[in-house]
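A.B. asks: Predicted model and sequence below, questions to follow.
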Amino acid sequence: MFRKASGAILCPSCGRLTSANADACFFCGRRRPGMWGLAPGLRSLVGALDVTKAITVACVALYVASLVLDPRASLRMRGPFELLSPSGRALDMLGMTGALAWEAGRWWTLITAIYLHGGILHILFNVLWIRQLGPAVEQVYGSARLAVIFTVAGATGFLASNYAGVPFTIGASGSIFGLLGAMVAYGRQRGGVFGSMVLRQYGQWALILFIFGFIMAGVNNLAHAGGFVGGVFAGVVLRPLERRGEGGLDQLLALATVALTVVAFALALSAGFLN
């Protein structure tokens with residue numbers, strides 16, 4: 001019912017009417033603008049998803065799950081800021097990453113660890129930043145690209161820290177730095193007065209948070225730096241909406257990102273419960 005293999009459609013690149021089954025857009029030359037008739041359905045499916053809300057719900061749900069898996073450990077007071085902190089065993093079962101997991105071949109932890117958090121303050125801080133930055137990135141890049149940027153940045157950050165030898169690490173902060181990086185990339189590409197304002201605001205936020213990471217104990221600054229670089233790269237490659245509207249390929253990438261995340265958690269749970 002979502003497939004439109006014939007008739008007129010709006011080209012995802014130039015926004016003009018073209019044929020759904022054309023090999024190339026009549027106006028801008030984009031290859032397969034109708035994505036073999038699947039573009040309208042993909043656009044409806046991804047467009048209906050509130051990516052920021054979905055990420056927030058996933059983080060909160062997995063935090064609760066990490067407490068439920070080992071409730072006695074989560075209620076044990078190990079320090080003034082460690083109440084409701086999941087145990088290492090629970091986090092490992094859900095897909096905590098780090099050099100040890102990477103050396104063991106658990107590549108999927110690059111993705112699963114993004115949604116895991118080590119305490120109430122940790123998840124509260126990260127969720128507030130996700131709610132702050134997600135809508136801004138979505139407005140500039142679109143919902144499909146937001147999902148891709150968030151995942152790519154988080155995985156890039158963990159990849160950097162894993163190779164550097166950080167033994168255990170979790171959290172969405174690498175992805176948050178990636179969102180900041182994407183906005184910095186947009187500011188540089190946009191140029192002019194508005195672009196300079198965007199670059200200054202998000203660049204200052206990134207710098208302040210990075211400095212803050214050196215003050216707080218236990219912060220994975222390598223993941224922050226790697227996530228920022230990943231976000232800048234993704235922002236440059238994907239490009240903002242004002243330069244290229246979201247098309248079928250963007251929706252496919254977003255759906256592939258969601259599918260890969262689901263597969264990653266299935267592998268994490270399988271490995272965690274079997275071991």
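C.D. replies: On my side now, so go ahead.

A.B. asks: what about the helices in the protein?
C.D. replies: 39-47, 51-69, 71-74, 88-94, 99-103, 109-112, 120-141, 143-163, 173-190, 192-215, 221-238, 248-274 (DSSP state H).

A.B. asks: hey, least reliable of those by pLDDT?
C.D. replies: Mean pLDDT per stretch puts helix 39-47 lowest among the helices of the chain, at a mean of 54.

A.B. asks: circling back: can you lay out the helices of the chain as CSV showing mean neighbour count?
C.D. replies: Where C-beta positions appear, they are placed from N, C-alpha and C, glycine not excepted. Formatted as CSV, the helices of the chain follow (neighbours: other CB atoms under 10 Å):
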stretch, mean neighbour count
helix 39-47, 18
helix 51-69, 18
helix 71-74, 14
helix 88-94, 20
helix 99-103, 18
helix 109-112, 25
helix 120-141, 19
helix 143-163, 26
helix 173-190, 27
helix 192-215, 14
helix 221-238, 23
helix 248-274, 17
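
A.B. asks: Mark out where each domain of this structure begins and ends.
C.D. replies: Annotated domains of the chain cover 8-37, 50-274 [automatic domain parsing].

A.B. asks: Centre of the chain to the longest one, how far?
C.D. replies: The chain centroid and the centroid of domain 50-274 are separated by 6 Å, computed with CA atoms, centre = their mean, to the nearest Å.

A.B. asks: Determine how far the last residue of that domain lies from the first.
C.D. replies: Terminal residues of domain 50-274 lie 34 Å apart, using CA to CA, to the nearest Å.

A.B. asks: Same check on stretch 64-83?
C.D. replies: Termini of stretch 64-83 sit 13 Å apart (CA to CA).

A.B. asks: same deal with stretch 237-254?
C.D. replies: First-to-last distance for stretch 237-254 - CA to CA - comes to 14 Å.

A.B. asks: and if you look at stretch 94-107?
C.D. replies: Terminal-residue distance, stretch 94-107 (CA to CA): 13 Å.

A.B. asks: Stretch 73-90 too?
C.D. replies: 9 Å.

A.B. asks: cool, and stretch 185-201?
C.D. replies: Using CA to CA, the two ends of stretch 185-201 sit 12 Å apart.

A.B. asks: Contact partners for the residue nearest to Met197 when sequence neighbours are not counted?
C.D. replies: Of all residues not flanking Met197 in the chain, Gly187 sits nearest, at 7.6 Å (CB to CB, 6 or more residues apart in numbering). Taking CB atoms under 8 Å, 6 or more residues apart in numbering, we find Gly187 in contact with 195-200, 202-203.

A.B. asks: can you redo those as TSV with distance to Leu179?
C.D. replies: Shown next, in TSV, are these (distance: CB to CB, whole Å):
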residue	distance to Leu179
Gly195	17
Ser196	19
Met197	17
Val198	13
Leu199	14
Arg200	16
Tyr202	9
Gly203	13
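
A.B. asks: between those, which is closest to Leu84?
C.D. replies: The closest of those to Leu84 turns out to be Tyr202 (CB to CB; 31.2 Å).
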